[in-house]
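Undergrad: Dropping a prediction and its sequence here:
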Amino acid sequence: MKFKRAFELMKNGAKIKLPSWGGYWYWDDEKHTVIMHTKDGKEMDIRETERVEYTTLNILSEDWVVADKENCPQLGGTATFGFDEAIKYLKRGMKVKRKGWNGKDQYIELATNVLFKTPNDEVINVDHADMGNKAIAFHGTSGVQLGWLASQSDMLSEDWTFAE
């Protein structure tokens with residue numbers, strides 16, 4: 001939902017968040033402001049944000065949801081998001097996984113400085129004109145698979161989470 005609707009819900013007592021957040025925002029009637037309850041349990045008046053551009057871009061998002069015990073870690077749930085967000089987090093250096101994957105502790109991350117050794121023992125630093133020297137690495141039950149490709153199911157699922 002757009003922030004305008006999320007703000008209306010906050011004014012009526014709801015907690016709101018973006019899907020990947022561990023925390024939430026709520027309206028404080030006494031202070032007449034939005035309080036940001038962080039993933040770490042700290043609370044901060046929105047007017048005290050040190051990252052104004054980041055906070056403003058969040059407000060402009062159209063992905064707001066009501067925070068509850070199912071989707072918010074600070075309320076006992078798990079934050080989930082779509083593949084588009086998973087790619088964004090990979091590029092930021094985070095590890096992500098799907099709740100729907102069967103293997104324990106499977107996740108993907110962005111591998112950088114990719115290189116390989118030829119049969120002649122020559123080390124080749126992969127430096128593709130469009131990709132640079134990066135690839136997605138899948139950490140699975142049988143080891144690491146470099147150059148992992150997402151399935152249709154992976155790309156369309158909304159059960160992506162952060163890996164520990």
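TA: Happy to help now that I have it.

Undergrad: give me every residue that touches the residue in the chain sticking out farthest from the centre.
TA: Within the chain, the residue lying farthest from the chain centre (Cα atoms, centre = their mean) is residue 120, at 41.3 Å. Listed by Cβ atoms under 8 Å, 6 or more residues apart in numbering, the contact set of residue 120 is empty. For glycine as for every other residue, the C-beta is placed from the backbone atoms N, C-alpha and C.

Undergrad: what's the distance between it and residue 128?
TA: Taking Cβ to Cβ, to the nearest Å as the measure, residue 120 and residue 128 are separated by 21 Å.

Undergrad: cool, residue 35 as well?
TA: 46 Å.

Undergrad: How is the chain partitioned into domains?
TA: Here the domain parsing of the chain from automatic domain parsing is 3-75, 83-162.

Undergrad: For these, which has the smallest mean pLDDT value?
TA: Least confidently modelled of the domains of the chain is domain 83-162, at a mean of 89 by mean pLDDT.

Undergrad: roughly how far out does that domain sit from the chain middle?
TA: 15 Å (Cα atoms, centre = their mean, to the nearest Å).

Undergrad: follow-up on the earlier one: quick one: the residue farthest from the centre of the chain is in a helix?
TA: No - judged by DSSP: H, G, I helix; E, B strand; the rest coil, residue 120 forms no part of a helix; its state is coil.

Undergrad: hey, where'd the helices end up in this protein?
TA: For the chain, helices defined by DSSP state H occupy the ranges 3-11, 52-59, 83-91, 152-156.

Undergrad: Give me the buried positions along the last one.
TA: Applying a neighbour-count criterion of 16 or more other Cβ atoms under 10 Å, the buried positions in helix 152-156 are residue 154.

Undergrad: on that earlier part again, just name the most buried of the domains of the chain.
TA: Ranked by mean neighbour count, the domains of the chain are led by domain 3-75 with a mean of 15 (mean count of other Cβ atoms under 10 Å).

Undergrad: gap between residue 26 and residue 4?
TA: From residue 26 to residue 4 the distance is 16 Å (Cβ to Cβ).
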